[in-house]
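Visitor: make a model of this:
(chains A and B)
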Amino acid sequence: MSNEEIVSTNFIQNIINEDLKTGKHGQRVHTRFPPEPNGYLHIGHAKSICLNFGTAKEYQGMCNLRFDDTNPSKEDVEYVDSIQEDVKWLGFSWDDRMFYASGYFDKLYECGVELIKKGKAFVCDLTADQMREYRGTLTEPGKESPYRNRSIEENLDLFTRMKNGEFADGSRVLRAKIDMASPNINLRDPIIYRILRAKHHRTGDTWCIYPMYDYAHPISDAIEGITHSICTLEFEDHRPLYDWVLEALGFEDRPQQIEFARLNLTNTVMSKRHLRALVEEGKVSGWDDPRMPTISGLRRRGYTPESILDFCERIGIAKSNSTVEVAMLEHCIREDLNAKAYRGMAVLRPLKIVIVNYPEGQTEELEAENNPNDEAAGSRKVLFSRELYIEQEDFMEDAPKKYFRLTPNQEVRLKFAYIIKCEEVIKDEAGNIVEVRCSYDPESKSGGATSGRKIKGTLHWVSAQHAVKSTVRLYDYLFINDNPEDENSYVLNPNSLETLTDCLVEPSLAEAAPGTRYQFLRQGYFVADAVEHTKEKPVFNRVVGLRDSWAKAQK
RNA sequence: UGGGGUAUCGCCAAGCGGUAAGGCAUCGGACUCUGACUCCGACAUCCUAGGUUCGAAUCCUAGUACCCCAGCCA
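Guide: Down below sits the predicted model:
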């Protein structure tokens, strides 16, 4: 049996495999997902979550959740709560390993003292502007700070007093003493501690000095025994500093930083700055607006965690900057929901149909399968009667060739029911079609012995007296262009949300529990809105439309 | 003009010297009581130019393009 699957590996797995072979980290694989709690997680974070938690799982290793909360001026508990919820929702578990960089503040401070004692850090009094001047440029080396050669004693004293709050915000910093002439700007005596009087969401007012990312991150990783510290490309030239910190402090079995390309999606912005602006400027209803690429937005939209994991699996991991087409994401949710979602009939833009030869007052219960791709899903009853509604676009007086729907001279089948024929078109004074009178073929009942006539078109419908009026929101991309992250392409789609309030859905759909997903036959996948949907006033969000080769052919 | 990266089909992405995986998209066609699903079929010689080799996307040389870095942000 040689049914060996061809399994593609990514470069990070290659590195880990090599490390396992050489025993670099003693056969351990320990990763971490380190979000800064200053915003909501988005689909790009999902890529990182899948990478970190997923890789750890594959190698029977562990993955920690660690909040990188070293800048209290931007962070908040609201975000730490939402982040935990989102990671859990995606299906990952950090067990008892949820940490905070702020949990290491004491240790981080001690390390600062140690660096000073080793002559590898100094307190600098330069102002921010001076610091910038001394830093040099991309092509010219920087100059050493006049405070660079303070004695260890003086540095120790000053650092202690910085911590004790004796100095004003921004008046002094602790700097690593590396190399002002380095072609890598990150190594030009980078700041590792700054004075900042801001209430921290966890440590409150305990500290008035806070460590910088480049300093806190490697130490946090080392403390937790992380083996592979995966981050995005822009930190690539921070790696020498990451390594410097660990080396200078003498950590053994040092974690290694590995960088991969962050996710970009067409017609989507991913930067926190842009996402925050959308929320704050009221362009969307909040972080969980169904049009947002946030995890909470996708959840509200009706995406399943499985579809998101599948998406992350498909897009792969590499180091080249890339932008994945949203079509890929949409494919993933369609595939998942096609298998899982029960079908239902909902008429979004109703057109009244009266079956003239159907007895007034009569109703019939018809058998309707819940999912043609899953027999186990069973069936339900739908009610048929003399007055029905179909989709406005499913009737045309002057239809183009290949229009398979109802026309004055073309029959159609009503799904699960009968074949009908148009007998008369009723219009209002303005000439709008307000009703179509039809006749039905009693012999054509679905499932019946004489139902075999082949009819090209099949329409979904609802019974007028039984249907429940509903609100349906149709979503489209938030942005018109492929790459709205580019300033010149940042153009909001004015039609990203269309709210239909006169939709009619079959009774079973109105009964849906909030959060339940359906396929509305011939329309797409929809979810009963998690917060607004009620049986009395149903509200559905369109997750994604069905593929529509007819619409495509029309263009 | 400094440093760090990346370049394989429209979009992702395998490939690690032995003769270009896969997915998405697209285009044909079959099937269909969802114009859905499913199924069949089509779809690249690897940034450029040299070189090494029996053989190169993979090695060497020289270019080119794009991305990131001068926050007391992460």
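
Visitor: now the residue of the stretch 351-500 of chain A found nearest RNA strand B. Nearest residue, chain neighbours left out?
Guide: As assessed by C-beta to the nearest atom of the strand, RNA strand B sits closest to A:Ser446 within the stretch 351-500 of chain A, at 2.2 Å. Bear in mind the C-beta positions are built from the backbone N, C-alpha and C, glycine included. Distances taken as C-beta to C-beta, 6 or more residues apart in numbering place A:Phe416 nearest to A:Ser446, at 5.1 Å, with adjacent residues excluded.

Visitor: which phi and psi does the closest residue to A:Gly142 other than its chain neighbours have?
Guide: Spatially, and ignoring its direct neighbours in sequence, A:Gly142 is nearest to A:Gly136 (3.3 Å; C-beta to C-beta, 6+ apart). The phi and psi values for A:Gly136, taken as degrees, to the nearest 10, are phi 80, psi -160.

Visitor: returning to that earlier point: host element of the residue of the stretch 351-500 of chain A closest to RNA strand B?
Guide: Secondary structure assigned from DSSP states H and E places A:Ser446 in neither a helix nor a strand.

Visitor: give the contact list for it.
Guide: A:Leu366, A:Glu367, A:Arg413, A:Lys415, A:Phe416, A:Ala417, A:Tyr418 (C-beta atoms under 8 Å, 6 or more residues apart in numbering).

Visitor: mind giving me the PyMOL command for buried ones among the residues you listed?
Guide: A single PyMOL command selects the buried members of the contacts of A:Ser446 (16 or more other C-beta atoms under 10 Å):
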select buried, chain A and resi 366+413+415+416+417+418
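
Visitor: max pairwise distance over the contacts of A:Ser446: which two?
Guide: A:Glu367 and A:Arg413 (14.7 Å; C-beta to C-beta).

Visitor: ok so, going back, got the contact list for the residue nearest to A:Gly142?
Guide: Applying C-beta under 8 Å, 6+ apart, the residues near A:Gly136 are A:Gly142, A:Lys143, A:Met180, A:Ile185, A:Arg188.

Visitor: tell me the most packed of those residues, by neighbour count.
Guide: A:Arg188 (23 neighbours; other C-beta atoms under 10 Å).

Visitor: near RNA strand B, which residues of the stretch 151-300 of chain A show up?
Guide: A:169-173, A:183-186, A:191, A:194-196, A:210, A:212-214, A:217, A:233-238, A:261 (C-beta under 7 Å from any atom of the strand).

Visitor: quick check: ChimeraX command selecting the buried ones in these.
Guide: A single ChimeraX command selects the buried members of these (16+ other C-beta under 10 Å):
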select /A:172,173,186,191,194,195,196,210,212,213,214,217,235,238,261
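
Visitor: return the subset of the residues of the stretch 151-300 of chain A next to RNA strand B lying in strands.
Guide: A:Val173, A:Ile191, A:Arg194, A:Ile195, A:Tyr210 (DSSP state E).

Visitor: if we can go back for a sec, so the residue nearest to A:Ser446 is in which element?
Guide: Using DSSP H and E, no helix or strand contains A:Phe416.

Visitor: related to what we said a few turns ago, pLDDT for the ones in strands among the residues of the stretch 151-300 of chain A next to RNA strand B - can I get that in CSV?
Guide: Output for these, formatted as CSV (pLDDT from 0 to 100):
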residue, pLDDT
A:Val173, 98
A:Ile191, 98
A:Arg194, 98
A:Ile195, 98
A:Tyr210, 98
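
Visitor: and those as JSON lines, adding distance to A:Ser379?
Guide: Shown next, in JSON lines, are those (distance: C-beta to C-beta, whole Å):
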{"residue": "A:Val173", "distance to A:Ser379": "70"}
{"residue": "A:Ile191", "distance to A:Ser379": "67"}
{"residue": "A:Arg194", "distance to A:Ser379": "66"}
{"residue": "A:Ile195", "distance to A:Ser379": "69"}
{"residue": "A:Tyr210", "distance to A:Ser379": "61"}
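
Visitor: closest to A:Met270 among the residues you listed?
Guide: Distances from A:Met270 to those, taken by C-beta to C-beta, are shortest for A:Tyr210, at 26.5 Å.

Visitor: that closest one contacts A:Asn71, correct?
Guide: Yes: look at A:Tyr210 against A:Asn71 with C-beta atoms under 8 Å: they come within range, at 6.6 Å.

Visitor: need the residues touching each of these two.
Guide: Contacts common to A:Tyr210 and A:Asn71, judged by C-beta under 8 Å, 6+ apart, are A:Leu196.

Visitor: flag every buried residue along stretch A:506-515.
Guide: Result for stretch A:506-515 [16+ other C-beta under 10 Å]: buried residues A:Glu506, A:Pro507, A:Ser508, A:Leu509, A:Ala510, A:Ala512.

Visitor: domains for chain A, by residue range?
Guide: As assigned by automatic domain parsing, chain A contains the domains A:3-260, A:272-342+A:470-554, A:350-460.

Visitor: and the longest one, how far out from the chain middle?
Guide: A distance of 25 Å separates the C-alpha centroid of domain A:3-260 from that of its chain, computed with C-alpha atoms, centre = their mean, to the nearest Å.

Visitor: so where do the helices sit in chain A?
Guide: Ranges of helices within chain A are A:11-22, A:43-58, A:77-89, A:105-117, A:128-134, A:152-163, A:213-224, A:239-248, A:272-280, A:295-301, A:305-315, A:326-340, A:507-510, A:549-554, based on DSSP state H.

Visitor: let's have those in a markdown table, adding mean pLDDT.
Guide: As requested, the helices of chain A are exported to a markdown table (pLDDT from 0 to 100):
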| stretch | mean pLDDT |
| --- | --- |
| helix A:11-22 | 95 |
| helix A:43-58 | 98 |
| helix A:77-89 | 98 |
| helix A:105-117 | 98 |
| helix A:128-134 | 97 |
| helix A:152-163 | 98 |
| helix A:213-224 | 98 |
| helix A:239-248 | 98 |
| helix A:272-280 | 96 |
| helix A:295-301 | 98 |
| helix A:305-315 | 98 |
| helix A:326-340 | 98 |
| helix A:507-510 | 96 |
| helix A:549-554 | 92 |
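
Visitor: flag every residue of the stretch 301-450 of chain A that's near RNA strand B.
Guide: A:314-325, A:327-328, A:330-331, A:334-335, A:338, A:343, A:371-373, A:402-405, A:413, A:415-417, A:445-448.

Visitor: now the buried members of the residues you listed.
Guide: Buried, going by 16+ other C-beta under 10 Å: A:315, A:317, A:324, A:330-331, A:334, A:343, A:371, A:403, A:405, A:413, A:415-417, A:445-446, out of those.
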